[in-house]
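Peer 1: Based on what follows, work out the 3D shape:
(one chain, ligands or ions: 2)
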Amino acid sequence: MTKVAIIGGEQSGRTALASKLGKKGNVSDVTMYDFAKSGTVLMIVDATGYPKHVKPLVTALNLTDIALLCIPPTGPDVYTGECIVALDMLGCRHGVVVLTKSDLAYSSALDELKKRIKKITTGTVLENWDQIAVSTTTFEGMEELKKMIDSTGEKVDEELARSNELSPRVVIDQVFNVTGIGCVVLGVVKQGTIHVKEKMTMMPVDKTVEIRSIQMHDVDVKSAVAGARVGLALKNIQSKDVDRGYVISKNEIVTKDFTLNCTLSRFTKHVAVGVMLHLFVGLQSAPVRVEKIVANGDTVDYARFGSECILTLSGSKNIAHIGLDRFILANLDETQRFVAYGFCSQIP
Ligand SMILES: Nc1nc2c(ncn2[C@@H]2O[C@H](COP(=O)(O)OP(=O)(O)OP(=O)(O)O)[C@@H](O)[C@H]2O)c(=O)[nH]1
Ligand SMILES: [Mg+2]
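Peer 2: Numbering: from 1, shown residues only. Ligands and ions are numbered 1, 2, ... in the order given. Just a heads-up that it's a prediction; the model follows:
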């Protein structure tokens, strides 16, 4: 199972590409597409609600392992830039730069565009990503793109297999009630292996739940490993008590306030004490206030772009996380909204 996010600016050809890669499924601020044929299983997530909101972009990237950054012949715009910052902040290592609507561009223009993109992605996680020109009308490049997704998927699978032994965690992105079955959630096993009949905890609400059954692509299975897209029927909880972003886990920290070792983006303004930011971890998010900034051992009033600092943040919403989780901070009032990434300094 290979999970792919399709991101990019407005009118960059994201939805057209998604609809050529899979069959449309659930629609919210992200739209799911599925593909299953001759051994290849894809889940494609179109970050539909982006660029209006940043959350769908963060959601799409958190549910997937490979990103397709769509850039139309008109070239990168402010949102392409923001997507690149987001990929960098989230540490998304696997992806492809897709030059969409290639039928509308001369090949010399496409070559120029490729060079330009190479330049602006230097020093970011996208530095070594492949680039491919694709058209959803003439189908140029489509087969090659699918091959790229396949081969990247194999690399991702090897990496994910290494986290099969970790404590299991499932991030939930959809929840509903099924008559006669009860609470059913859809999510992604982020690490570890889950088993039927296992007792786990729904976080951040701290409720013990039992996994009644596990489905993968509508087939009942006894267990599921890291990377799997799963549907779980749960015992001891009602669907109304579960929200998108909740985590089924065994060992989570739940807090409203955070102390994070942060790295600020080079493409943000400074961060000052007292400012309100938006914090994202996995599919959860919450507004937080910057209470204190420590840089190089000194308490300071603001942190400079591109610098490292320790941010003390206060919030009002419980968030579940583990020591390794990567936090993302955004300032929703800025044009380039991604400010920093950071890790909790208290490793459990
Ligand atoms: N000629 C041509 N047109 C395309 C191609 N892909 C998309 N388009 C057109 O470009 C426009 C935008 O495509 P979408 O797929 O909706 O792009 P998007 O990024 O999802 O756009 P928004 O979600 O509205 O921001 C539509 O009119 C499409 O028909 C292509 O490969 N060739
Ligand atoms: Mg679209």
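
Peer 1: for the chain, what's the longest helix?
Peer 2: Across the chain, the helix with the greatest residue count (assigned by DSSP state H) is helix 142-161.

Peer 1: is the residue of the stretch 51-200 of the chain found nearest ligand 2 in a bridge, and if so with what?
Peer 2: At 9.6 Å from ligand 2, residue 70 is the closest residue in the stretch 51-200 of the chain, using Cβ to the ion. C-beta: built from backbone N, CA, C; applies to glycine. Beta-bridge partners of residue 70, counted by DSSP bridges, are residue 8, residue 98.

Peer 1: so it touches residue 8, yeah?
Peer 2: Yes: between residue 70 and residue 8 there is a contact under Cβ atoms under 8 Å: 3.4 Å.

Peer 1: Show me how far the longest helix of the chain is from its chain's centre.
Peer 2: Shown here is helix 142-161, whose average C-alpha point lies 17 Å from the average C-alpha point of the whole chain (Cα atoms, centre = their mean, to the nearest Å).

Peer 1: Please identify the buried residues of the next helix or strand along the chain from that helix?
Peer 2: The element immediately downstream of helix 142-161 (helix or strand, assigned by DSSP states H and E) is strand 169-178. In terms of neighbour count (16 or more other Cβ atoms under 10 Å), strand 169-178 has its buried residues at 169, 170, 171, 172, 173, 175.

Peer 1: circling back: quick check: the residue of the stretch 51-200 of the chain closest to ligand 2 vs residue 85, distance?
Peer 2: 16 Å (Cβ to Cβ, to the nearest Å).

Peer 1: circling back: return every residue with contacts to both of residue 70 and residue 8.
Peer 2: In the contact map built from Cβ atoms under 8 Å, 6 or more residues apart in numbering, the residues linked to both residue 70 and residue 8 are 14, 98, 100.

Peer 1: who's in contact with the second one?
Peer 2: Residues near residue 98 by Cβ under 8 Å, 6+ apart: 8, 13, 17, 68, 69, 70, 71, 131, 132, 134, 145.

Peer 1: what number of residues lie near the first one?
Peer 2: Right, the one you point to is residue 8. Neighbour count for residue 8, taken as other Cβ atoms under 10 Å: 28.

Peer 1: Does it touch residue 69 like I think?
Peer 2: Yes: counting by Cβ under 8 Å, residue 8 does reach residue 69; the two are 5.7 Å apart.

Peer 1: which neighbours do the two share?
Peer 2: Here residue 8 and residue 69 share the contacting residues 80, 83, 98, scored by Cβ under 8 Å, 6+ apart.

Peer 1: In what element of secondary structure is the closest residue to residue 284 other than its chain neighbours found?
Peer 2: In space, and not counting its chain neighbours, residue 284 is closest to residue 245: 3.9 Å by Cβ to Cβ, 6 or more residues apart in numbering. When elements are assigned from DSSP H and E, residue 245 belongs to no helix and no strand.

Peer 1: number of nearby residues for residue 245?
Peer 2: 22.

Peer 1: if I pick it, what's in contact with it?
Peer 2: Taking Cβ under 8 Å, 6+ apart as the definition of contact, the neighbours of residue 245 are 171, 172, 173, 282, 283, 284, 285.

Peer 1: May I see the domains of the protein written out as residue ranges?
Peer 2: Following automatic domain parsing, the chain resolves into domains at 2-161, 169-249, 253-344.

Peer 1: where do the strands sit along the stretch 101-250 of the chain?
Peer 2: 130-133, 169-178, 182-191, 194-195, 199-203, 207-216, 219-221, 223-224, 229-235, 247-249 (DSSP state E, counting those that start in this stretch).

Peer 1: Would you mind saying which of these lies nearest residue 33?
Peer 2: Shortest separation from residue 33 across the strands of the stretch 101-250 of the chain is recorded for strand 229-235, at 12.2 Å, computed as Cβ to Cβ.

Peer 1: Relative to the whole chain's centre, how far out is the closest one?
Peer 2: Centroid separation between strand 229-235 and its chain, computed with Cα atoms, centre = their mean, is 20 Å.

Peer 1: contacts for that strand?
Peer 2: Contact with strand 229-235 is made by 1, 3, 43, 170, 178, 181-189, 194, 202, 209-217, 224, 242, 248, as judged by Cβ under 8 Å, 6+ apart.

Peer 1: Thank you kindly, that will do.
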